[in-house]
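Enquirer: I would like the atomic coordinates for the input below:
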Amino acid sequence: MTRSLNKLSDRKVKTESKPGRHADGGGLYLEIKPSGSRAWLFMWKLDGKRTAMGLGSYPAVSLANARDKATDCRRIVAAGRNPLEESRKEAVPTFGEVADKLLASMGKAWKNAKHRDQWYYTLSRRRDDADNLTKDGYCLGLIDKLVDQITTDDVLSVLTPIWSEKAETASRLRGRIENVLAYAKALRWRQGENPALWRGHLSTLLPKRQKLQRGRHAAMPYADVAAFMALLRDRSATSARALEFTILTASRSGEVYQARWPEIDLDKGIWTVPAERMKAGREHRVPLSKRAMILLHELYEVRLFDDGFVFPGQKLGEPLSSNAMDALLQERMKLPQFTVHGFRSCFKDWATDETSHQREIIEAALAHVVGDHAEQAYRRTDALAKRRRLMDDWTEYCSKGKSNVVALVA
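Expert: Sure, this is the predicted structure:
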């Protein structure tokens with residue numbers, strides 16, 4: 001290692017344009033790429049081989065700062081240690097810390113609160129099960145490990161125990177782990193192939209995705225819905241009103257939980273869900289039936305804020321918990337075999353089997369994307385009037401059949 005130091009000047013660093021490495025001495029180099037970008041390198045010999053590590057880009061790291069860093073590196077080398085390993089010990093975070101940074105960076109990217117909670121749930125150290133007992137999280141084996149030390153074996157140790165038993169959860173967890181590790185690589189905390197990559201990697205070590213059983217949301221037979229709705233209307237809880245509204249509008253629960261009063265036009269009977277909360281990523285207008293309007297008027301009379309949530313939670317200024325409707329249905333109403341999302345399937349089965357409404361109108365009511373890109377481009381309206389007739393028919397159907405209440409309970 002040469003003893004000649006401080007060969008470069010501030011002006012030289014700023015004006016030099018020739019691509020290559022320009023020595024400052026003592027192992028410090030300014031590397032200029034053909035693109036013109038500049039970065040600092042420290043180079044030394046390790047086991048007889050020339051080794052390099054980055055000290056940051058210029059001008060973010062000035063010449064003076066680069067020299068200070070190079071001085072620290074020379075001290076580490078003189079002590080018989082590896083400056084690259086030393087810097088990693090100080091700078092490389094754990095998997096859990098990277099996961100926290102990734103989740104925080106996503107901010108408002110979540111489509112709904114439930115989607116956000118699922119990410120936190122699967123990537124956290126601890127998780128709550130259905131009995132509200134705290135257990136070790138799925139990623140417990142990764143949380144405290146430095147993110148650059150995570151291997152394929154580490155990822156498999158997390159996925160293998162649940163790959164067959166909880167196929168859908170395991171598949172989504174794999175994707176989230178891959179995202180965390182990709183985020184770490186983008187921030188230069190990792191190098192090399194992503195050990196959670198599926199195609200060409202884990203696909204050769206785990207059963208193929210098509211061999212896994214994807215569970216469907218359990219749907220109540222539509223013949224029982226009217227009886228169920230009669231029972232539901234006897235309950236006064238906000239979660240009961242939210243569930244009734246969800247069924248009447250055939251909406252996704254996340255869209256309902258986050259609904260705010262400015263989205264509701266009580267004069268025209270239209271609920272406009274903004275694009276950021278829709279699965280398809282585009283604004284969706286929902287025609288409101290007479291019963292849905294009555295329900296909303298009752299809630300509007302007791303609202304606390306004009307811009308607040310339509311279905312407020314127990315904490316001021318927050319919506320209902322993202323599992324409130326499922327808890328009502330499965331625990332308090334003792335119907336664990338059904339899910340809230342399943343009522344969308346129930347609505348579609350009824351509309352397909354019992355009505356003459358067009359398939360496109362039914363799919364539009366469910367906010368499904370119909371047709372290819374060309375067909376979508378030529379469809380300029382959302383068929384609101386036709387969908388209103390469909391939703392009115394659905395509401396009327398849901399209001400009949402009270403004589404079946406006893407049978408449903410039994």
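
Enquirer: all helices for the stretch 51-200 of the chain, in order.
Expert: Secondary structure of the stretch 51-200 of the chain, counting by DSSP state H, counting those that start in this stretch: helices at 63-78, 83-91, 95-106, 113-123, 140-143, 152-159, 167-186.

Enquirer: in the first one, which residues are buried?
Expert: In other words, helix 63-78. Going by neighbour count (16 or more other CB atoms under 10 Å), the buried part of helix 63-78 is 63, 66-67, 69-70, 73-74, 76-77. In this view, the C-beta of every residue, glycine as well, is placed from N, C-alpha and C.

Enquirer: now do the same for residue 219: helix, strand or coil?
Expert: Using DSSP: H, G, I helix; E, B strand; the rest coil, the structure places residue 219 in coil.

Enquirer: hang on, it packs against residue 349?
Expert: Yes. The criterion here is CB atoms under 8 Å, and residue 219 meets it with residue 349 at 7.2 Å.

Enquirer: and those two? Which one has more around it.
Expert: residue 219 (19 against 15; other CB atoms under 10 Å).

Enquirer: next up, the contacts around the more buried one.
Expert: 338-339, 342-346, 349 (CB atoms under 8 Å, 6 or more residues apart in numbering).

Enquirer: the same query, at a cut-off of 6 Å, please.
Expert: 342, 345-346 (CB atoms under 6 Å, 6 or more residues apart in numbering).

Enquirer: I'd like to know which of the helices of the stretch 51-200 of the chain is closest to residue 271.
Expert: Closest approach to residue 271 among the helices of the stretch 51-200 of the chain is made by helix 113-123 (17.9 Å; CB to CB).

Enquirer: tell me how far the closest one is from the chain's mean position?
Expert: 7 Å (CA atoms, centre = their mean, to the nearest Å).

Enquirer: one more: stretch 292-303?
Expert: 31 Å.

Enquirer: contact partners of it?
Expert: By CB under 6 Å, 6+ apart, the residues outside stretch 292-303 that reach it are 241, 245, 248, 269.

Enquirer: one more time with 8 Å
Expert: With CB under 8 Å, 6+ apart as the test, stretch 292-303 has contacts from 241, 244-245, 248-249, 261, 264, 266, 269, 288, 310-311, 391, 395.

Enquirer: residue 159: which of those residues is nearest?
Expert: Nearest to residue 159 among the contacts of stretch 292-303, with distances taken as CB to CB, is residue 311, at 36.2 Å.

Enquirer: contacting residues for residue 104?
Expert: Contacts of residue 104 by CB under 8 Å, 6+ apart: none found.

Enquirer: list phi and psi for residue 43.
Expert: Dihedral pair for residue 43: phi -120, psi 140, per degrees, to the nearest 10.

Enquirer: that one contacts residue 55, correct?
Expert: No. When contacts are counted by CB under 8 Å, residue 43 is not listed as touching residue 55 (10.5 Å).

Enquirer: on that earlier part again, among the contacts of residue 219, name the ones in helices.
Expert: If you go by DSSP state H, the contacts of residue 219 have 342, 345-346 in helices.

Enquirer: just send these back as a markdown table, with neighbour count too.
Expert: Formatted as a markdown table, these follow (neighbours: other CB atoms under 10 Å):
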| residue | neighbour count |
| --- | --- |
| 342 | 16 |
| 345 | 18 |
| 346 | 23 |
